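# Structure of the sequence below:
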Amino acid sequence: MPELAGLHFAEAGPADAPPLVLVHGTLGDQRSFAAMMEPLAAGGRRVIALSLRHCWPGTWSDGGDFRIATHVADVAASLAALGRGPVDLLGHSRGGHIAFRVAQHHPGAVRRLILAEPGGERDPSLGGAPGANSQATAFAEGAALIAQGEEEAGLRHIAEHTGGPGAWDRRAESRKAISRANARTPPGQIHEARRPYARAEAEAITAPTLLPRAAQTQPAFVANVQALCAAIPDTRVVVIPQATHSLISEQPGAVAAAVLEFLGPH
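Numbers count the residues shown, from 1 in each chain. As a prediction, the model looks like this:
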């Protein structure tokens with residue numbers, strides 16, 4: 001399987017087309033974007049879906065480095081390895097948080113930024129509650145179940161936190177298989193050191209930004225999208241109908257169309 005700066009990836013589209021790099025969320029990998037690859041490539045892009053460090057088909061060992069800062073550095077190195085100058089970057093959920101941090105710390109690497117329901121918390125400057133981190137708590141509870149050998153219960157707990165009651169049961173078996181293949185990562189994610197978004201950080205983002213969100217998503221993701229839209233200087237929101245937080249797999253064609261319209265002619 002090919003690698004880019006040490007990260008496994010899948011790709012579609014002409015090798016000489018403008019790159020669009022995709023970053024998955026918790027319990028995901030490059031296969032999370034499988035249904036979006038061809039629609040995006042048909043829009044004239046070289047689409048590159050990364051698997052973050054330790055995610056399938058990578059390996060995990062106890063004490064492995066699963067910090068946000070490490071993933072940000074890995075993604076930035078992958079963008080640089082393309083040798084194409086600033087490229088377009090899309091992140092979903094936790095991958096959206098990582099993509100935000102790449103744009104924050106490596107502004108020259110990102111031409112346009114797409115944050116599909118970015119995960120994480122907001123600090124008080126963006127309307128968040130001081131010290132609140134319900135997402136980290138839910139993921140830690142799921143990770144504890146997995147560490148105790150109750151893998152299915154842990155995966156269900158995490159899925160229902162992001163997707164609402166019944167989210168795990170509604171998922172296609174192909175998606176469940178991806179989560180199971182990455183079930184070893186949530187215990188490492190407990191130590192990811194994810195900081196909340198801050199207004200000054202959002203206001204410093206220089207890349208034009210698209211914020212896709214699902215019409216039936218959870219309130220926390222709506223709040224993140226609204227707050228970041230209000231703070232990032234050049235941004236817009238698109239609402240994807242008939243979708244939850246799993247919009248990239250539930251409505252891949254609609255998300256791809258919105259992304260291609262935002263990116264414009266190549």
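# for Q242, what are its contacts?
By C-beta atoms under 8 Å, 6 or more residues apart in numbering, the residues touching Q242 are A215, Q216, E250, Q251. C-betas here are computed from N, CA, C, even on glycine.
# buried ones in stretch 145-161?
By 16 or more other C-beta atoms under 10 Å, the buried positions in stretch 145-161 come out as L145, I146, E151, G154, L155, R156, H157, I158, A159, E160, H161.
# So which of the contacts of Q242 belong to strands?
Taking DSSP state E, every one of the contacts of Q242 sits outside strands.
# which of these lies closest to L82?
Q251 (27.9 Å; C-beta to C-beta).
# just the strands in the stretch 51-200 of the chain please.
Chain-ordered strands for the stretch 51-200 of the chain, with DSSP state E, counting those that start in this stretch as the definition, fall at 87-92, 110-116.
# returning to that earlier point: report the buried members of the contacts of Q242.
With neighbours counted using 16+ other C-beta under 10 Å, the contacts of Q242 contain these buried positions: E250, Q251.
# Could I get the contacts of Q242 in JSON lines, plus columns for distance to E192?
JSON lines is the format used below for these (distance: C-beta to C-beta, whole Å):
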{"residue": "A215", "distance to E192": "29"}
{"residue": "Q216", "distance to E192": "27"}
{"residue": "E250", "distance to E192": "26"}
{"residue": "Q251", "distance to E192": "28"}
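# Identify the residue nearest A243 in space, chain neighbours excluded?
Leaving aside its sequence neighbours, A243 sits nearest to A214 (C-beta to C-beta, 6 or more residues apart in numbering; 3.8 Å).
# Now for the one you found: which residues touch it?
Listed by C-beta under 8 Å, 6+ apart, the contact partners of A214 are E117, F221, V239, I240, A243, T244, H245, S246, L247, E250, Q251.
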